[in-house]
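Trainee: Below: sequence and its predicted model.
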Number of protein chains: 4
Amino acid sequence: MKNSAMVMQIQDPASQRLTWYKPPLTVLVIKKVSDASVLAPFVQLVDWLLQEKNMVVWVESAVLEDVHLNEEVKFKAIREKLVTFKDGRDDLTDRIDFIVCLGGDGTLLYASQLFQQSVPPVMAFHLGSLGFLTPFRFDNFEEQLTSVLEGHAALTLRSRLRCVTHRKGEKRQEAKVDANADARPAANSILVLNEVVIDRGPSPYLSNIDLFLDGKYITSVQGDGLIVSTPTGSTAYAAAAGASMIHPSVPAIMVTPICPHSLSFRPIVVPAGVELKVSVSPESRNTSWVSFDGRNRQELFHGDSLRVTTSIYPVPCICAQDQISDWFASLADGLHWNVRKRQKCLDELSDLTASGSEDTLDEMENLKLYDI
Amino acid sequence: MKNSAMVMQIQDPASQRLTWYKPPLTVLVIKKVSDASVLAPFVQLVDWLLQEKNMVVWVESAVLEDVHLNEEVKFKAIREKLVTFKDGRDDLTDRIDFIVCLGGDGTLLYASQLFQQSVPPVMAFHLGSLGFLTPFRFDNFEEQLTSVLEGHAALTLRSRLRCVTHRKGEKRQEAKVDANADARPAANSILVLNEVVIDRGPSPYLSNIDLFLDGKYITSVQGDGLIVSTPTGSTAYAAAAGASMIHPSVPAIMVTPICPHSLSFRPIVVPAGVELKVSVSPESRNTSWVSFDGRNRQELFHGDSLRVTTSIYPVPCICAQDQISDWFASLADGLHWNVRKRQKCLDELSDLTASGSEDTLDEMENLKLYDI
Amino acid sequence: MKNSAMVMQIQDPASQRLTWYKPPLTVLVIKKVSDASVLAPFVQLVDWLLQEKNMVVWVESAVLEDVHLNEEVKFKAIREKLVTFKDGRDDLTDRIDFIVCLGGDGTLLYASQLFQQSVPPVMAFHLGSLGFLTPFRFDNFEEQLTSVLEGHAALTLRSRLRCVTHRKGEKRQEAKVDANADARPAANSILVLNEVVIDRGPSPYLSNIDLFLDGKYITSVQGDGLIVSTPTGSTAYAAAAGASMIHPSVPAIMVTPICPHSLSFRPIVVPAGVELKVSVSPESRNTSWVSFDGRNRQELFHGDSLRVTTSIYPVPCICAQDQISDWFASLADGLHWNVRKRQKCLDELSDLTASGSEDTLDEMENLKLYDI
Amino acid sequence: MKNSAMVMQIQDPASQRLTWYKPPLTVLVIKKVSDASVLAPFVQLVDWLLQEKNMVVWVESAVLEDVHLNEEVKFKAIREKLVTFKDGRDDLTDRIDFIVCLGGDGTLLYASQLFQQSVPPVMAFHLGSLGFLTPFRFDNFEEQLTSVLEGHAALTLRSRLRCVTHRKGEKRQEAKVDANADARPAANSILVLNEVVIDRGPSPYLSNIDLFLDGKYITSVQGDGLIVSTPTGSTAYAAAAGASMIHPSVPAIMVTPICPHSLSFRPIVVPAGVELKVSVSPESRNTSWVSFDGRNRQELFHGDSLRVTTSIYPVPCICAQDQISDWFASLADGLHWNVRKRQKCLDELSDLTASGSEDTLDEMENLKLYDI
């Protein structure tokens, strides 16, 4: 009887947990390349997955060519047990149950790129310092992996942005990109986990970029460029450009100008369901350049446009603790968020009885807090 | 077969539209007080609702006492046709189908406060300049109201925050506040549409505030205070404190420090589903003060805590155009967002052939753009 | 008897005024190129200077080749009366008493570049909208010029930065650059009126730049780059990068990071008397690029360094009103500084007697201010 | 012959050094109160000054009453050798050659307040962590004091702001405040070393403050308030409000809004020589409150005004190293300025030969930098 619109569904982030519909059999292991420190852990991990868990282990074929790796005695023993694929040639869709990343945040960007549609759950280990996308420590990897394989884990679904470039003159369906594009990804579509950046490239002149939402003209960016990022990307380049940080579970898209000439061009956060369109302003004297998660840099000419929507296929990232703790740990560790000099503790300050006057040195000591 | 977690539901804001399960019969009209300019439109509107739409019109009883209003001849005629209620005494739950606000954003804050649980759809007219919460112009109110009553309208569901203060020693259920609190609102719970602010009040010393999320300690705020706001509130006080602006449809809570002493304390955006807890740090030498949508100012003592969750009962605001256009119109009008001097148009700049040298005045003219 | 250090000299900006030691005879007129709208005023101005003031008028030789200009009948008449020089070939030092700029801020950047040492007073007219460096309106140029030529004018001395690039291996005097460099400018020294920018250029990777002050290592910039600007430049690119705006009379150098990865890298302002040194960090994986007032873009390799000091030769800019009024006018016009929606005026808000309750709609109306 | 205006005097901060015109005989020792940890060092220091340097040691009379201090055996021995004065009653002008501060930044605020005109050189020791105003470590105080007393020290002259409040109706000389006020300080004038703050006090409504420079109306502040600070104060409250940090030697005044409602109200830096006037806007519905270095809080009513100018009497602070090193040390220590996660070192990143493809994981690893 009551208008349904009057009650909201509010999802508790703690409710998002990993569930295996069938025990995972095939695991894809992605390791950071050209980093010697990752080789031993990689062999150790793969060996354990094969021996202890009897899983089918996939690796990128290039890995088998790694010279340093082949010097590892232990690796020779397991080398032929590995199933390989060639990035860009073999389709992994529905062939992988589980992904383990070993190294840095880049390994996750890579995993994301391998799966244009549904992505298996990803468990990411950092070897050096904690990364934004690699919450797990490697030392006791056996226990941690075992409990995850048993399904005890919180998940963070990291949304991705589907970016489609339309060249001038090229005709296309006016329908929103995501729906059908996600069904059968357009050849010219690229998924980003962090952000797509539109900037002035090598040009010394400002770029002028027009921004549209759901087909409506919103504003023009006059400055170094524009960042369209996921919540995950809000702690990457967007943070450097002054954006607020958004938890990866928030269904939103962040729009951040790069060195805008307007003092009032504050970054904005829009619902995940909108379609953004970016194009070079007709009156702009130079073109713009686009890059996707920092790659695939290409020029955007007058008349071209870039369409950005949230993909329905997120990257399901397994949490070391939970969505909240993992995120704040990465903010503190990666960005030193709110790191500051602690104020003097209470007892040192409490004794204000020495003098009644409002002007005593005593009082001032406490005002010293202003300088900390 | 595929893990359900691997596909996200992404809601298209355009899909949120007003639906009447039964034709609206009772309408509550809220008008700005102590503003002479609102009287004539108010009478005009109420008369039209009574005569043309045969609706039952409710008003706050205080309205009938308005001296200036009673001087209006036309009002005398309709005065006794109005149904009145006393704010704070009469319960409006399930007795109102529809709300019309006349005046400023304050009328919406008031409407929100009248309904602690489900809120009827609100159609808000601004009389002076466009407000953040009052998108409709009054001049052709008949056509606009008619089309809304026929169900042709987009909706923005503005989430509210339920704030519950727990005093030291006072015992309470550890369960998350929202669920049960929403069912039967605690006596000490307050709903805010914009923000709850915790600050140092009249004290000249810094406040030290501890912030917890879902029971976990996150960080301490050392500064003038902390703003916990809805997306709606992100364009209010939070914007003044440096936050990015968030579209009201994004299910999130914004946490913004007020003049924090840490250079790295950037505002953050967390999922709507978390529970925030704020309390005075044990080592803090002074207490804090809390205010709700700028009101009900009260002191927060050591040991007290404030719990904030997203209410399941939003304020359904009817859009003049749609969710996107209305919001950007209010950003431009209310905050002059990205208002800037336009760059010189193309033809003025294009002629660069006058000289080939890289150092010509000609080149410099264009670099002038940097100074605009 | 008293320590001299204990009293400061504080200069009143109002005390800086134009003084002619001899009546100005030679005037250099600089006009914006490739802008048709400037031709008529240019001819009008030059003709007036020749006929009414009997001054010797200098122009850049390229001006005589301007096709559109030569179509102007009136110009033919004065064409041969003009003294010309070739930029880069003829030395203007001590040959010009006075400069008039016609067009945009770029004309001033050009004037600055023509004089590597002492610069004659500059009077700059804007034709379109007010510029940061062009305060005078053209319509009544005769009266304004006359009063300036009679010495009635306030001056703003805009400091310039002398930038010297040292290539790896190249040996140089360790002495501070400014003193002797200013005496006999090094071949590789460039003066900037706005800023020198060090950035990552076309590289997709971050630049890592080391910053030294007076020979001491201060910090490293990890991000898109670094801006070293004059107070004049603080309203240009530095403002876009988030810097506070500095009045051009303040003897200081502004250091502003471009999208730094540290949340705590706030821009800083250092005394005009220091020497800054910038170099590519040894561990940086890519080089950097330097540009001067947006021009002369060149690569900075590992081992190279850029030294920046304040030149003792400022650009003396004649004020339309005075140092303070001119600057704030340019902030308002060029950057819309503190442009905002005015709050409701008093009478509309004062009547709070309608109700005593703290919770009335009335009260809320006023809190509406929070949303404006 | 050349226009004098064409050459600037640029002061090298390194040139400001301590000079004794006569060997210092009288020393004022200021210690932090209600801090037990300062007692022992205080006695140690005073004893040494008396015995080793035969100096006349002054202390605030309240110090002799300090209970804990009187328990120190060693103190009893020197107690009667001390010269005392009563703050607010005895005039110290020209009776002190040298000041030593022991404790926190508050001791310097106190020292500043004792001397309304010329201030003796101040040497400040921190006992706990480094302060913004207390650069010296105490452990080897003998050597450090000896070298300072011999005149080997760099100085930072920290400018102060003279604030004069004019009440409505009260008549006053229209002349600029500083000159004559400094000569014979007005009864109602207060000197601040950090900042004067004008805010809305306990009022829930915005304050509206009008700002004038040299008698000209500049702008109105609508928000929580306004900070007028010295460069020294730019690292205190102004930094918390978003200002850029200014080196204390820069002759400037910083104007910083507190949570302004205009997105474009960026902080500004004006020359030290201007006079600022602040008053409550006529249309403002509530008054404002003023506080000086966080103290002497008083209400500013409609019609009242506050005038701020730079005093000609700075606080000469002795540097531990030099002006530049001391300042950056305090930025790093006090504000964690540009503290960040270091990027991976070169060797780890350099090997990009593993693959030629632009899309390899290898490439991505390096883009990981974006996330650090």
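Mentor: Sure, I can see it.
Trainee: In which helix or strand does the residue in the stretch 251-372 of chain A that chain C sits nearest to reside?
Mentor: Of all residues in the stretch 251-372 of chain A, A:C259 sits closest to chain C, at 4.0 Å by Cβ to the nearest Cβ. From N, CA and C alone the C-beta is placed, and that goes for glycine too. Element membership for A:C259, per DSSP states H and E: strand A:252-260.
Trainee: Same question for A:W58.
Mentor: A:W58 belongs to strand A:56-60, assigned by DSSP H and E.
Trainee: residues of that strand that come out buried?
Mentor: A:V56, A:V57, A:W58, A:V59, A:E60 (16 or more other Cβ atoms under 10 Å in any protein chain shown).
Trainee: Among the residues you listed, name the ones that also lie close to chain D.
Mentor: Filtering the buried residues of strand A:56-60 for proximity to chain D by Cβ under 8 Å from any Cβ of the partner chain leaves A:E60.
Trainee: coming back round to it: note down every partner strand of the strand holding A:W58 and its orientation.
Mentor: Sheet pairing of strand A:56-60 (DSSP bridges) gives strand A:26-31 (parallel), strand A:83-85 (parallel).
Trainee: dump the residue contacts of A:P231.
Mentor: Contacts for A:P231 (Cβ atoms under 8 Å, 6 or more residues apart in numbering or on different chains) come out as A:R158, A:S159, A:I246, A:H247, A:P248, A:S249, A:V250, A:A252, A:M254, B:V269.
Trainee: Just send those back as TSV, with secondary structure, distance to B:R295 and neighbour count too.
Mentor: Compiled in TSV, the contacts of A:P231 are given as follows (DSSP: H, G, I helix; E, B strand; the rest coil; distance: Cβ to Cβ, whole Å; neighbours: other Cβ atoms under 10 Å in any protein chain shown):
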residue	secondary structure	distance to B:R295	neighbour count
A:R158	strand	39	22
A:S159	coil	37	24
A:I246	strand	29	31
A:H247	coil	29	25
A:P248	coil	34	26
A:S249	coil	31	27
A:V250	coil	28	25
A:A252	strand	29	29
A:M254	strand	32	28
B:V269	strand	25	27
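Trainee: Show me the domain layout of chain A.
Mentor: Domain assignment for chain A by the TED database gives A:21-154+A:319-333, A:160-169+A:186-312.
Trainee: Can you tell me which of those is most buried?
Mentor: Across those, averaging neighbours per residue (mean count of other Cβ atoms under 10 Å in any protein chain shown) puts domain A:160-169+A:186-312 on top, at a mean of 23.
Trainee: So which of the contacts of A:P231 would count as near chain D as well?
Mentor: Within the contacts of A:P231, nothing lies near chain D by Cβ under 8 Å from any Cβ.
Trainee: Which parts of the stretch 201-350 of chain A are helices?
Mentor: Using DSSP state H, counting those that start in this stretch, the helices of the stretch 201-350 of chain A run over residues A:237-240, A:323-335, A:346-350.
Trainee: beta partners for A:I318?
Mentor: Beta-bridge partners of A:I318, as defined by DSSP bridges: A:L155.
Trainee: dump the residue contacts of it.
Mentor: A:I318 neighbours (Cβ under 8 Å, 6+ apart): A:L18, A:P121, A:V122, A:M123, A:A124, A:F136, A:V148, A:A153, A:A154, A:L155.
Trainee: Mind pulling up the pLDDT for A:D94?
Mentor: In this model, A:D94 is scored at 85, pLDDT.
Trainee: Distance of it relative to A:W58?
Mentor: 13 Å (Cβ to Cβ, to the nearest Å).
Trainee: now do A:Q11
Mentor: A:Q11 is 33 Å from A:W58, by Cβ to Cβ.
Trainee: same deal with A:L39?
Mentor: The value you get for A:L39 to A:W58, if Cβ to Cβ is used, is 18 Å.
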